[in-house]
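Visitor: build the 3D model from these lines:
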Amino acid sequence: MGLLLFLHVTGFVQAPSRPKAVSATELEKLAQESVAEKDWETAADEFRRAIEIEPRNARLRVELSEALSAAQDFPAAIAAFNDVLRLDPRNEAAELGIAEAYRSVFNYEETRKFLDRAKQDHPSSAAPRIALGRLEIELQHYDRAIEELQSAIKLVPRDVGARNDLAAAYQAKGDLPQALEQLETVLARDNSNAFAHFLRAQIYADKDDSERALPDAQAVVVAQPGNIRGRILLGKILLRVPNCSRAIEILRPLEKASPRESDALFLLARAYQCAGDGASAQRVTAEFEQSSKADRAANENSTQAGHLVHEANDLAIKNQFPQAMDLLNQALEKDPTNSDAHAQLAKLQFSKGDLAKAAESIQKALAARPYNPDYLYVWGKILEKENRTDEALQTFEKITQVNPNESDAYFEIGTIQQQKGDRKQAQQAYKKAVELSPDDPDYRKALESIK
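Guide: Below is the predicted model:
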C-alpha cells in the first residue's frame, strides 16, 4: 500500500511533458529548442515530423540536415541535403552544408564540386568563396586560397573572419607583409580578435621583434586563458624580454596538461633556471626529457607502422597472406591506433573465413574513422556473409552517401536488392555501377542479367 501511495504521489510531482505540437510551425519551434540544448536526436525527429506535414518546405529540410551534421551523422546529413537540392537546386545553405559534410568525411572532391556550384549559382555571395579559401588552406594550396579569399573580401570587405583566413594563407606562403596588412585591418575593426593577435604575435616573434609581439601575445591569453598555443607563445616571448617570473606564471598551468606539451615543459624549465630556481628547473627538465622521449618514440612507431602496413599491402597483393598478417601484427604492436592496419588485417581474416576476428578488427578501424568508404565496405561484406542483409544494405548505402563514386558499393547494393527480389532497385544500382566503372565486365554482366 505504501508503494502504491508513493507511485501515486510521485505522479503529481513529475515535470510536465512538452505540449504535443500539431502544426509544422510548432514542431519547428520545438526542434529549434532542442537544437539550442544540443539534443540533436530529438531535434532531428521533430524536424522530420514537421517535414511530414510540409514536405516541400526547403527551410525545414535544411534545418534537419544541419542538425544531422551537428550530430556528426554525416551520411544522413548528406542524404538530407541532397533532398533539399532536389527540391530547390540553387539553395545556397544546402550547397554549403553538403560541402561541409563532405569535408568532414574527407571527400574533398565532392566538397569542391558543391562549393564551385554554390559560387556559380550565387555570384554575389562571399560565403562559397570563403569556404573554398578555407578548404584550400587545409589542403595547403595557398595561392588558390588567396585568390578565393581576395574575391570574397571584395564582396564583404568588413568580414574579419575572411581577412584572418587570408592573413593565415599569406603567412603560410611566406608573404609576411601582406599577412600583417590584413591583420592590421582586422584589429582596427575588432581589437579583441584573439586569432589576429595570435597570428601577428607569431609573425613578430619569428622576426625576433619581442617588443611588438609581447602585447599581442598577452592579448591572446587574456581573451583565451585556456589557449595552450597562446600560452606557449607568450612564455617564449617573456623569456626573451626577459620576464622570468611572469613566464613561470604563464607556463606553470601547462605542466599538468594531458597530453603533456613538450614545448611548454622546455620553456618552463628555462624560466625556472632564469629565475634562479635550480631545483624546479631540474625537476621540469626531467619531465621534459621524459615527455620528449615519449613523443619521439610515438612518432617513430607511427612512421614504422605505416611502412609495415604498406609492405603488408604489397604482400597481400601477391597472395602472401601469412607474411602480410605477420607484418600487420608488428605494425599494431608499434601503433595500436593504426586504423589502416586494423582494416587490412580484417580483410585477410575475412579471406580466411574468420568472420568474428574480421569483425573485431574492422570495428577498431571504424572507431577511428567511422565514414571511411574502404572500412565500411569491409564491414558490409562481413555483414553480407553473416546473412545480415538489411544491415549490409544500409552499410553499402552509407558508402554511396559519403562517396557517390564508389562503384563497388553500388554493385553490392544491386546484388542484395536482387536477392531480396527488388529487380527495379537492383537494376538502378547495377546501372550506376556500370556508369562509374564502364569497363568492369562483372558490372555489365549483372546489369544484363537483371534486364
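Visitor: let's verify Gly353: helix, strand, or coil?
Guide: Following DSSP: H, G, I helix; E, B strand; the rest coil, the label given to Gly353 is coil.
Visitor: how close does it get to Asn329?
Guide: Per C-beta to C-beta, to the nearest Å, Gly353 is found 19 Å from Asn329. In short, each C-beta sits where N, CA and C put it, glycine included.
Visitor: neighbour-wise, which of those two wins?
Guide: Between Gly353 and Asn329, counted using other C-beta atoms under 10 Å, Asn329 has the larger neighbour count: 13 against 9.
Visitor: ok, the more buried one - contacts?
Guide: Going by C-beta atoms under 8 Å, 6 or more residues apart in numbering, Asn329 touches Leu345.
Visitor: and the pLDDT at it?
Guide: Per-residue confidence (pLDDT) for Asn329: 95.
Visitor: over to Val9?
Guide: 35.
Visitor: same question for the one 3 residues further on.
Guide: pLDDT recorded at Phe12 is 38.
Visitor: got a list of what the residue nearest the centre of the chain touches?
Guide: By C-alpha atoms, centre = their mean, the chain has its centre lying nearest to Ser104, at 4.1 Å. Contact analysis of Ser104 by C-beta under 8 Å, 6+ apart lists Ser69, Gln72, Phe74.
Visitor: give me the distance between Ala44 and Glu95.
Guide: Ala44 sits 21 Å away from Glu95, going by C-beta to C-beta.
Visitor: longest helix of this protein?
Guide: helix 278-317 (DSSP state H).
Visitor: list the buried ones in that helix?
Guide: Under the neighbour-count criterion of 16 or more other C-beta atoms under 10 Å, helix 278-317 has 280-281, 284-285, 287-288, 291, 301, 305-306, 308-309, 311-312, 315-316 buried.
Visitor: ok, now stretch 410-420?
Guide: Quick answer for stretch 410-420 (16+ other C-beta under 10 Å): Tyr410, Phe411, Glu412, Ile413, Gly414, Thr415, Ile416, Gln417, Gln418.
Visitor: then stretch 328-339?
Guide: The neighbour-count check on stretch 328-339 (16+ other C-beta under 10 Å) flags Leu328, Gln330, Ala331, Leu332, Lys334, Asp335, Asn338, Ser339 as buried.
Visitor: same question, stretch 87-98
Guide: Of the residues in stretch 87-98, Asp88, Asn91, Glu92, Ala93, Ala94, Glu95, Leu96, Gly97, Ile98 count as buried by neighbour count, 16+ other C-beta under 10 Å.
Visitor: any idea how far Lys431 is from Glu211?
Guide: According to C-beta to C-beta, Lys431 and Glu211 sit 68 Å apart.
Visitor: likewise Leu238?
Guide: 12 Å.
Visitor: the two: who's more crowded?
Guide: Leu238 (25 against 11).
Visitor: next secondary structure after the lowest-mean-pLDDT helix or strand in the chain?
Guide: Lowest by mean pLDDT, DSSP states H and E among the helices and strands of the chain is helix 2-13, with a mean of 37. For helix 2-13, the succeeding helix or strand toward the C-terminus, using DSSP states H and E, is helix 24-36.
Visitor: and the strand or helix carrying Val434, what does it pack onto?
Guide: Assigned by DSSP H and E, Val434 belongs to helix 423-436. In terms of contacts (3 or more C-beta pairs under 8 Å, 6 or more residues apart in numbering; DSSP states H and E), helix 423-436 is packed against helix 407-419, helix 441-450.
Visitor: turn the ones you listed into CSV, columns for distance to Glu26.
Guide: Below are the helices and strands packed on helix 423-436 laid out as CSV (distance: least, C-beta to C-beta, whole Å):
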stretch, distance to Glu26
helix 407-419, 38
helix 441-450, 46
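Visitor: now those as a markdown table including distance to Val160 and mean pLDDT?
Guide: Compiled in a markdown table, those are given as follows (distance: least, C-beta to C-beta, whole Å; pLDDT from 0 to 100):
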| stretch | distance to Val160 | mean pLDDT |
| --- | --- | --- |
| helix 407-419 | 42 | 95 |
| helix 441-450 | 51 | 91 |
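Visitor: which one of those lies closest to Pro157?
Guide: Checking those against Pro157 by C-beta to C-beta gives helix 407-419 as the closest, at 45.0 Å.
Visitor: packing partners of the closest one?
Guide: helix 373-385, helix 389-402, helix 423-436, helix 441-450.
Visitor: out of the ones you listed, which is the most enclosed?
Guide: Scoring the helices and strands packed on helix 407-419 by mean neighbour count under mean count of other C-beta atoms under 10 Å gives helix 373-385 as the most buried, with a mean of 22.
Visitor: tell me what angle that one forms with helix 407-419.
Guide: Here helix 373-385 points in a direction 20 degrees away from that of helix 407-419 (axes from the mean of the first three to the mean of the last three C-alpha atoms, to 10 degrees).
Visitor: list the contacts of helix 373-385.
Guide: Applying C-beta under 8 Å, 6+ apart, the set of residues contacting helix 373-385 is 339, 343, 346-347, 350, 355, 358-359, 362-363, 365-366, 369, 389, 391-392, 395-396, 398-399, 402-403, 406, 408-409, 412, 416.
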